[in-house]
Each structure stands twice: as C-alpha cells, then as structure tokens.
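**Q** sequence plus the predicted model coming up.
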Amino acid sequence: MIDGEDIPTLIEWAGGPVAITRLINSFYDRVEADELLSPFFPGGVSQTHREHVSSWWIEVLGGPARYTERLGGYEAMLTHHRGLGITGEQRLRFATTMSQAADDADLPADPEFRAAMIGYLEWGTRLAMANSQQDAQPIAHAPVPRWGWGVAPPYQP
Ligand code: HEM
C-alpha cells in the first residue's frame, strides 16, 4: 500500500514481481519476432537482459529497488540506450508491443491500471528515443523513477 492511504501500489495491483517478469518475457518473445525491434537484439534477447529490465520495471512500479542497488541504476540504463538511434517508428512499435504483451501476460486490464502503465511507457520510450540519438545530451544522473496512478487510482466507492 502507499503510505497512509488505502490505495495499492501499481506492482501490488499488477500481481507482484512475478506478473511483471511474465510481462517482460511476453514482450521480448514478441520483440524477437518483430522486424523493427529484433535487429536491436542479434541472436535473441538474453535471459540476463530480460531479468535486468524486469528489475527496472518492478522498481518503477513500486517494488524493491534492486535495479538501483545492484544493477547500476539510472546511469546504467542510460548507458545501454546511448547511440542506439531509436527511430519514431521503432519507439511506437516498442510501446504497442508492450501493450500487447500486457494482454499476453494477463495483467489487469482495467482502464486505470493500463492508463498508468501506458503513461509510464509513453514517457520512458520518448526519453529512451531522445537519449539514443547521436547528438543527445541526456541528464547524466537521476533516480530510477517511481510511477503512480496519476489522476485515476482504482475506483473504490
Ligand atoms: C519505457 C521504456 C524503456 C525502458 C523502461 C527500458 C529499459 C531498459 C533497461 C533497464 C535497460 C538496461 C538493461 C541492463 O541493465 O542490462 C535497457 C537496455 C536496452 N534497451 Fe531499453 N528501455 C526502454 C525503451 C527502449 C526502446 C524504445 C528501445 C528500442 C526501440 C530500447 C532498446 C534497448 C536495448 C537494445 C537495450 C540493450 C542495449 C545493450 O545491451 O547494449 N529500449 N532498456
């Protein structure tokens, strides 16, 4: 729960870390078969990559800060995106593929949860795209974001 309030965190609502791991695996299974995204991962998406990105998402959605504490935090994530030259078309495919993967992985389909998740996805993919350009001058240091429900937490009469 979020401190002092009767509102679950996004990770609690999603079904915990195991649900996010399922989401990320479903996502990268699709990425491996995608003509716009698979070239980023020659030879397939490794187990290590899947685990690292799962840790990132678990932290962002309100779970343990494993990516910050053990995997290099924001700075490591930034390094991995530098120079990738992500195009607008690839960004959009990444975002829509993640939305499809949320269905594959049976994540909660209520409008509030999906809006919060897609909000983070839209923010994160736009930053990743900007930071991946050759002339990018990204913010060098920042915390791993902690995302919330935004304007529409679950409706609890
Ligand atoms: C919400 C958006 C995104 C998040 C949360 C995210 C997260 C991450 C993280 C945490 C890593 C580092 C993994 C590690 O520590 O080993 C990573 C690497 C990577 N990301 Fe993203 N990413 C996002 C968007 C994108 C997009 C839009 C693309 C391409 C279309 C992309 C392509 C990659 C690639 C190719 C790597 C691996 C680079 C390498 O190993 O050298 N990411 N991502």
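**A** Great, that's in hand.

**Q** does the most centrally placed residue in the chain lie in a helix or a strand, and which?
**A** By C-alpha atoms, centre = their mean, the chain has its centre lying nearest to W57, at 4.8 Å. When secondary structure is defined by DSSP states H and E, W57 falls within helix 47-60.

**Q** relative to the whole chain's centre, how far out is that helix?
**A** 8 Å (C-alpha atoms, centre = their mean, to the nearest Å).

**Q** show me what counts as buried in that helix.
**A** 50, 52-60 (16 or more other C-beta atoms under 10 Å). Quick note: C-beta positions are derived from backbone N, CA and C, even for glycine.

**Q** now do stretch 141-149
**A** Those would be 144, 147-149, for stretch 141-149 by 16+ other C-beta under 10 Å.

**Q** ditto for stretch 21-36
**A** So for stretch 21-36, counting by 16+ other C-beta under 10 Å, buried means 21-28, 30-31, 34.

**Q** what is the burial count for the one residue in the chain that gets nearest to the ligand?
**A** The minimum distance from the chain to the ligand, using C-beta to the nearest ligand atom, falls at G124 (2.4 Å). G124 has 20 neighbouring residues, counting by other C-beta atoms under 10 Å.

**Q** repeat that for the one 3 residues further on.
**A** A count of nearby residues for L127, using other C-beta under 10 Å, gives 17.

**Q** contacts only, for it.
**A** L127 sits next to P138 when contact means C-beta atoms under 8 Å, 6 or more residues apart in numbering.

**Q** quick one on the thing from earlier: farthest-separated two in the buried residues of stretch 141-149?
**A** The distance between the two most remote of the buried residues of stretch 141-149 (C-beta to C-beta) is 18.1 Å, for V144 and W149.

**Q** off-centre distance for the helix or strand hosting G124?
**A** Element membership for G124 (DSSP H and E) is helix 111-131. From the chain centre to the centre of helix 111-131 is a distance of 8 Å (C-alpha atoms, centre = their mean).

**Q** got it, and stretch 121-139?
**A** 14 Å.

**Q** start to end distance for it?
**A** 19 Å (C-alpha to C-alpha, to the nearest Å).
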